[in-house]
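Enquirer: just a sequence and a predicted model for now, questions to come.
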Amino acid sequence: MSGKLPAHPLDHPPVGWLKRYIYSTDHKVVALQFLFVSLAFFALGGLLAMLIRWQLAFPGDVNHPVPILGKVMGWADGLMPPDFYNMVFSMHATIMVFFVIIPLLVNVFGNYLIPLKIGARDMAFPFMNGLSFWMGLPAGAIMLAGFFLPGNAAAAGWTSYPPLSAIWQNNPAEWPIVPLVMNFIAGFLCFGYVCSHCIQLGNRFLNVGVSILLSAVAAAGWVMMVQTIAFDGQSAWFLSLLVLGFASLLGAINYITTVAMFRCPGMTMFRLPLSVWSLFITAILVLLATPVLSAAMVMNLMDHHRLTGFFSDGGVPLLHQHLFWFYSHPAVYIMILPAMGMVSDILAVFSRKPVFGYRPMVYAMGAIAFLGFVVWGHHMFQSGMNPALGTTFAISSMLIAVPSGVKVFNWLATMWGGNIRLTIPMCNAVAFVSMFVIGGLSGIFMASTPVDIYITDTYFIVAHIHYVLFGGSMFGVFAAIYFWYPKMFGKMMSDKLGYVHFVLTFITFNCTFFAMHILGIGGFPRRYADYTNFQLWAHFKPMNQFISYSAFALALAQIPFIINFIGSWFWGRAAPANPWQANTLEWTEAASPPPAGNFIRIPVVHRGPYEYSSPLVAEDWLPQTRVLADSIGTNG
Amino acid sequence: MDRLFDWIFWITVVVMVLVQGAIVVLMIRYRHRAGRKARYIHGNARVEIIWTIVPAVILGVLTYSSKQVWTAIRYAPELRPRAVKSAKILVIGQQFKWNIIYPGPDGEFGEYLVYPKPSDLRWPDGKRHGGVIGPRDLPADQVEFEINRYISVENPLGKVYDDPKGKDDDYEGAMARVMEVPVNRPVDVYLTSKDVIHSFTLPNFRVKLDTVPGLMGVFTFTPTVTNKQLGPPGYFEIACQELCGQGHYTMQGRMVVISQEEYAAKYETHGGGANP
Ligand code: HEM
Ligand SMILES: [Cu+2]
Ligand SMILES: [Cu+2]
């Protein structure tokens, strides 16, 4: 079926419970599966952040032992050992980047929005699409396995620079039972997905029986292989990202093909909503950048097993950094472009205005994507690479600030002259713009090579990444969840809880992370388990405590969101098809939630996505599909 | 460089205040009112060009001035007039301490960080270890032990003893000692590492560079006042700012700025180690 549009939803063969809700190939189900898993990882990453903050607020303070964990782990005086601290922030960042932000933005919203917004019934390759989720599970299980190994999980930072990352954390040995079982289950589920779609022996019971047997055997083999390759936390880290890379490639190929081939009649490229544009461009970034990371992971694994010496043991340590950042700088745009696209949509809907400068917005994203590939060296200004390269990368990095600025000005101009409805998605979207500006401006400091000498590897960097990743991407994700929740679940979320969540998050977020700029300007180093032995920084302790209390409050501020997210599903008001009076296809052509196959009829598009307050009609919205009497479609 | 920082600081502060102010004003000024319709505008090429060009020009200027300062810092040894004699210091990072080596009267360092491989015929220092002249003659089960002993005990810095340039180096007390530098003279700090990547940082002097095994980096700074004149605590702190393992945060060092005469007497009239 892949590659061809079914003419009508009823073309979908009737499927059982398992294939409808678990091993589904429906893009919406896959999206929600990604959503639940990523949010669970978000909670885990957040807890790790609390540990970081506890340590920095009370370094070596016997009166403040780490709650619960201190006892469970049996630490002396309940104090966190420094190598454990290294592990905590390494895993915090790894999880947030690779298992929270990227899947949330790319896989959740890429899956959910692309087919619905371009008028397609599903992805181009639905089976591969499902596989990208089910392959992600073993990747997550391998990463988590690190926590149960004798030497603990990876502790060389989320950048894992060799030779530090080449050091063994424990000698190769059998894994303990917990990670074995965990990985077996993940492998079993993944192979089960493949079997459930590939094994067709004619008889239902025969199919299921053979599938279970095959999956169990395959999963057992998988676990044996994994425990040999990933014998310590660091090798688990490398292997996990390798597997995860494959999973995201399967997704990216799908998104690109779907946008290129499956647009409904009338949906030209320049009538695509900006969210789809952003996801399309992001998918291209994923496709081009991820193989480089995978290659680096394979090289690191071989180094780790002492088979080769690419980076350590006489190899070239900087090579890893080049490869890593050649992936990871594009990856930071993978982590922000979809949020930019979705925020553009949301700003237009709630300003009741067309997006200001649609084409410049598209070109700006294209420019960011292209330049994103030539700025990786700005992460290496002080790495010891040839100083001439420093200037080269400073130029490209300053250049990339220009299209980012263009986007900000266009967002402001979109609001200008609007009729702004401050709904919860809108509040979060405006917060995105505001926080992204701060994160973008602090980036200019770091792009200035001499200034970067001083602030690199200080809390200035930590402030910056959190303004772009939490203030930017995460507010974007919140905006998108509040905006599309009614479509996803067919229920409205509670406004009251939504405002409480937004206001508290916004305030505590800024208290937590703005103060980090000040630490950074004081030279306060990042990745330090304890700073009190330095005269330079010991006096920052009260500031650190303030940051930590704000961070705890920030964590608590997520509780209304959790209540809202789960509660609205059960008790929320039923959502109409188009609660926001939006123009795009998912609202005007599909029910909430959309059925399998999405649309009764494949829609036909007559105009761009942002015809709000058009003079052609009395209302302040004009759906993409509406046929006007004297219709010469106006282009957006 | 601090001037550059200030410039960027004020530019960004102004931009930030303007943009955040604009957001608030827009939200209030254009808040929803029943019966009103928003302005129907798709864009404007003129303003797009303005807000592309203006930031581009500002950033261009910043890039240019960054380049000037960067070149002055990172290429200082090449750009300096020959007549100015800098003080050279070799710093070897090692988990979790800094090794400080002075070049002695000739102003040149010998070779360091040369370690034996199991296949070597002779030990790099030319002496006998483990009763044999080279690791290759050792029984298989002793090779690793002897090599590790060489690296950690016998010759931790991996010094090549017959290198003529290194004969007068002051290296013997290198491990974790206080680094002393002369006032009002450019100091070239050469950086490398024995094990993993570290980052040698002098926060007070705004200098920092990673120490990478297998690479030699260099940066320059010129202290303008001695610690005697400054008073307590009498030293500047050295920190490591690249994660290097469990003891990363303990990798603290000290640097003291002393007078030129004192420096010359201590480190430039006679070699260390070999001929005290
Ligand atoms: C509750 C909110 C959060 C708090 C309190 C928090 C706290 C921290 C702290 C204190 C560090 C610095 C560790 C160190 O280098 O010493 C850090 C690092 C980092 N965090 Fe978060 N974080 C939060 C949420 C997030 C989110 C949502 C992301 C999303 C991507 C994120 C991504 C990162 C990254 C990439 C690093 C860099 C770590 C490194 O370079 O090793 N954090 N976080
Ligand atoms: Cu970057
Ligand atoms: Cu260190």
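Expert: Yes, it's here. Ligands and ions are numbered 1, 2, ... in the order given.
Enquirer: tell me the residues of chain A that contact ligand 1?
Expert: Chain A has residues A:46, A:49, A:52-53, A:89, A:92-93, A:96-97, A:101, A:157-158, A:462, A:465-466, A:469-470, A:474, A:512, A:526-527, A:551, A:554-555 near ligand 1, with proximity defined as C-beta under 6 Å from any ligand atom. Where C-beta positions appear, they are placed from N, C-alpha and C, glycine not excepted.
Enquirer: strands of chain A, start to end?
Expert: Using DSSP state E, no strands are found in chain A.
Enquirer: for chain B, same thing?
Expert: B:87-94, B:97-101, B:179-182, B:187-193, B:198-202, B:207-211, B:217-221, B:236-240, B:253-258.
Enquirer: just give the closest residue to A:Gly315, not the sequence neighbours.
Expert: Nearest residue to A:Gly315, sequence neighbours excluded (C-beta to C-beta, 6 or more residues apart in numbering or on different chains): A:Gly309, at 4.3 Å.
Enquirer: burial count for that neighbour?
Expert: 15 (other C-beta atoms under 10 Å in any protein chain shown).
Enquirer: just the residues of chain A next to ligand 1: which are in helices?
Expert: Among the residues of chain A next to ligand 1, the ones falling in helices (DSSP state H) are A:46, A:49, A:52-53, A:89, A:92-93, A:462, A:465-466, A:512, A:551, A:554-555.
Enquirer: and stretch B:33-46, which residues are buried?
Expert: Judged by neighbour count (16 or more other C-beta atoms under 10 Å in any protein chain shown), stretch B:33-46 contains these buried residues: B:37-38, B:40-43.
Enquirer: equivalent analysis for stretch A:562-571, please.
Expert: Using 16+ other C-beta under 10 Å as the test for burial, stretch A:562-571 gives A:564-565, A:568.
Enquirer: list the residues that contact A:Gly303.
Expert: Quick fix: residue A:303 reads Asp, not Gly. Contacts for A:Asp303 (C-beta atoms under 8 Å, 6 or more residues apart in numbering or on different chains) come out as A:162, A:166, A:309-313, A:315.
Enquirer: switch the cut-off to 10 Å
Expert: By C-beta atoms under 10 Å, 6 or more residues apart in numbering or on different chains, the contact list for A:Asp303 reads A:162-163, A:165-166, A:235, A:238, A:309-313, A:315, A:320.
Enquirer: quick one: which of these is most hemmed in?
Expert: Busiest of the contacts of A:Asp303 [other C-beta under 10 Å] is A:Pro162, holding 30 neighbours.
Enquirer: list the contacts of residue 117.
Expert: No chain was given, so I picked chain A. Counting by C-beta under 10 Å, 6+ apart, A:Lys117 touches A:259, A:263-264, A:267, A:272-273, A:275-276, A:279, A:345, A:584-587, A:609, A:624.
Enquirer: nope, chain B
Expert: Contacts of B:Lys117 (C-beta under 10 Å, 6+ apart): A:314, B:124, B:135-136, B:143, B:147.
Enquirer: my guess is B:Gln94 meets B:Leu157, correct?
Expert: Yes. B:Gln94 lies in contact with B:Leu157 (C-beta atoms under 10 Å); the separation is 8.8 Å.
Enquirer: between the two, what contacts are shared?
Expert: Common neighbours of B:Gln94 and B:Leu157 (C-beta under 10 Å, 6+ apart) are B:113, B:174-175, B:194.
Enquirer: narrow the residues of chain A next to ligand 1 to those that are buried.
Expert: Buried among the residues of chain A next to ligand 1 (16+ other C-beta under 10 Å): A:46, A:49, A:52-53, A:89, A:92-93, A:96-97, A:101, A:157-158, A:462, A:465-466, A:469-470, A:474, A:512, A:526-527, A:551, A:554-555.
Enquirer: just to revisit the earlier point, quick one: the residue nearest to A:Gly315 from ligand 3, how far?
Expert: Going from A:Gly309 to ligand 3 by C-beta to the ion, to the nearest Å gives 23 Å.
Enquirer: got the contact list for stretch B:44-54?
Expert: Contacts for stretch B:44-54 (C-beta under 10 Å, 6+ apart): A:356-357, A:359-361, A:363-364, A:367, A:402-403, A:405-406, A:408-410, A:412-413.
Enquirer: now a PyMOL select for only the buried ones of these.
Expert: Of those, the buried ones can be selected in PyMOL as follows, counting by 16+ other C-beta under 10 Å:
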select buried, chain A and resi 356+357+360+361+364+367+402+403+405+406+408+409+410+412+413
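Enquirer: what's the burial count for A:Asp620?
Expert: 17.
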